[in-house]
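Trainee: Sharing a model that was predicted from the sequence below.
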Amino acid sequence: MSVNPQKEPPRTLPDRVSAILATLGLPLDDASLRQRVTTFVICNGFEGVYRAARVTRKTLDQGRGTDIDDPWAYTVRVYNRDLAKLSYLYSLRHWVEMGLRSQADQHHIMTLGARWHRDPRNYLDGRQPHSFQQEYVKPFTWIPIANETAMLIDEPEMPSMFMDRISLNWLTQIVLNVHKKDARRILVDAQGKKVDFLKAQALLSDAVEIRNAVAHNRFVSNEVFMKGERRTSSPCSGCCNSMWRRL
């Protein structure tokens, strides 16, 4: 069976196994090897294993894999190492995200009341409320405002439930809209100094990027991993400590 790794990923299990073996330059007719690869793909899914095989192939092509005497065993190590990285980043990202949701909710309760989430114009700028409504036609329930084009959120009724349902991307927009107002900053460093808006924007953008990598089980290079570790542990770690404050 001839498989071109550059073509659209195959759909059947035998073809997927062949695609991985072809990517690694390994024989397609080795029954023992095919069985090992098949079992690993069944247990872990094709996409992640295929990405690991491509990383191995790239390493070999760049001449950095001179000590790789077993490309398949190396691929397994790449996959397991990446899974460990993603699991670690997930814990950090979850910590940061929960802190952000809690801080934003508490801040808006203090300034806008217990049902602050009902009117997106209160916490989103420009055309953001319109875009937000279009994205969340469901699962939210919307009601019109008399003589206005704007809509209010009728359900969920509680802001805590609202915060649980919105994406990290929209959460960061809500946080940034608060942060850019000097009188309402909620992101500060260990000394209580307001974090520069552009820096805060970059940090939160990186948090979203890491979240997407974790959610979609993407391959994380050592460089991206170290970047994600820094971004989600400092200064973001302060969201659960004294570095994030509601002023």
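Mentor: All right, it came through fine. None of these values were measured; they are calculated from a predicted model.
Trainee: Before we go further, R121 is sitting in a strand, right?
Mentor: No: per DSSP: H, G, I helix; E, B strand; the rest coil, R121 lies outside any strand segment and is helix.
Trainee: my guess is it contacts A150, does it?
Mentor: Yes: R121 is in contact with A150 according to C-beta atoms under 8 Å; the separation is 6.2 Å. C-betas here are computed from N, CA, C, even on glycine.
Trainee: shared neighbours, these two?
Mentor: Common neighbours of R121 and A150 are listed as P129 (criterion: C-beta atoms under 8 Å, 6 or more residues apart in numbering).
Trainee: which other helices and strands contact the lengthiest helix in the chain?
Mentor: In the chain, with assignment by DSSP state H, the single longest helix is helix 71-112. Helices and strands touching helix 71-112, by 3 or more C-beta pairs under 8 Å, 6 or more residues apart in numbering; DSSP states H and E, are helix 13-24, helix 31-44, helix 46-61, helix 159-165, helix 168-179, helix 197-215, helix 222-233.
Trainee: quick one: that helix to chain centroid distance?
Mentor: 7 Å (C-alpha atoms, centre = their mean, to the nearest Å).
Trainee: Mean confidence (pLDDT) on that helix, please.
Mentor: Taken as a whole, helix 71-112 carries a mean pLDDT of 87.
Trainee: Give me the domain ranges for the protein.
Mentor: Using automatic domain parsing, the domain ranges for the chain come out as 13-69, 81-240.
Trainee: Lowest mean pLDDT across the ones you listed, which one is that?
Mentor: The stretch with the lowest mean pLDDT among the domains of the chain is domain 81-240, at a mean of 83.
Trainee: List the contacts of stretch 138-149.
Mentor: Stretch 138-149 has contacts (C-beta under 8 Å, 6+ apart) with Q133, A150, M151, L152, I153, D154, E155, P156, F162, R165.
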